[in-house]
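>>> how would this look folded up:
(2 chains)
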Amino acid sequence: GENVEQHPSTLSVQEGDSAVIKCTYSDSASNYFPWYKQELGKRPQLIIDIRSNVGEKKDQRIAVTLNKTAKHFSLHITETQPEDSAVYFCAASLAGANSKLTFGKGITLSVRP
Amino acid sequence: DAGITQSPRHKVTETGTPVTLRCHQTENHRYMYWYRQDPGHGLRLIHYSYGVKDTDKGEVSDGYSVSRSKTEDFLLTLESATSSQTSVYFCAISESAGLVAGGPETQYFGPGTRLLVL
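Numbering: from 1, shown residues only, chains lettered A, B, ... in the order given. Next comes the predicted model:
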């Protein structure tokens, strides 16, 4: 089955700097890669996703890039703000009926004021 | 937030007792999922459903059962709760899973249930 890894487990940046969070996946058949943000005590919420037919997607201060050859995808956050502090989960899904998301273990991002 | 509710939101129970958690959606989505979230493990799939009375196992299904008698409700039962099942349980829904051209649809999560098994 699919295996998704996130490293490191924590990341600290200065407010205003950029943050990059990377994930790797194992199954080359995976074709859907969402990113979720989870604030303390809250539910995971989708912030951006990408499908395997595109290499990059942007939404205001966040972007996701996908490298299918290397089997990794990254979340980029520019001009970080304290409210960006949260746990970020990446996930990957295989194509096909009844496909399921496999999540990474999460990265805790801390934005220092 | 998508129309997903979970009940109860918090529960304390004793080892050996059965526990049922409920997920209710008002979106008429076909797919429903149960995950558990534990420190250092991220989100792990317990069971999922792809329609009324259609369910399948996920990554960590031992000790859990599910039922879906109506589109809007997906129940998770811990047959005999153990301390290792202390966790935060999230329900999620999606319209499809891998059947839509270009990939599966987004999963939307419920608010979660905190379960403590003493």
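
>>> next one: phi and psi at the closest residue to B:Ser83 other than its chain neighbours?
Spatial nearest neighbour of B:Ser83, excluding adjacent residues (CB to CB, 6 or more residues apart in numbering or on different chains): B:Val117 at 5.1 Å. Backbone N, C-alpha and C define where each C-beta goes, glycine included. Taking degrees, to the nearest 10, you get phi -110, psi 120 for the backbone angles of B:Val117.

>>> from what I see, B:Val117 and B:Thr86 are in contact.
Yes - B:Val117 lies in contact with B:Thr86 (CB atoms under 8 Å); the separation is 4.9 Å.

>>> for those two, work out which one has more neighbours and name it.
Between B:Val117 and B:Thr86, counted using other CB atoms under 10 Å in any protein chain shown, B:Val117 has the larger neighbour count: 19 against 16.

>>> give me the residue from chain A nearest chain B.
Nearest to chain B in chain A, going by CB to the nearest CB, is A:Ser99, at a distance of 3.3 Å.

>>> tally of neighbours for that residue?
A:Ser99: 21 neighbours (other CB under 10 Å).

>>> ok, A:Glu15 next?
Other residues close to A:Glu15 by other CB under 10 Å number 13.

>>> likewise for A:Val54?
Residues near A:Val54, counting by other CB under 10 Å: 11.

>>> report pLDDT for the closest residue in space to B:Asp56 that isn't next to it in sequence.
Nearest residue to B:Asp56 in three dimensions, chain neighbours excluded: B:Tyr48, at 6.0 Å (CB to CB, 6+ apart). Note for B:Tyr48: predicted pLDDT of 94.

>>> likewise for the one 4 residues further on?
As predicted, B:Val52 sits at a pLDDT of 93.

>>> shaky segments in the chain?
Going with chain A. A:95-98 (pLDDT under 70).

>>> try again with chain B
In chain B, residues with pLDDT under 70: B:1-2, B:96-104.

>>> let's go with 50 and repeat that
B:99, B:101-103 (pLDDT under 50).

>>> what's the span of stretch B:93-111, first residue to last?
Its start and end residues considered, stretch B:93-111 measures 12 Å (CA to CA, to the nearest Å).
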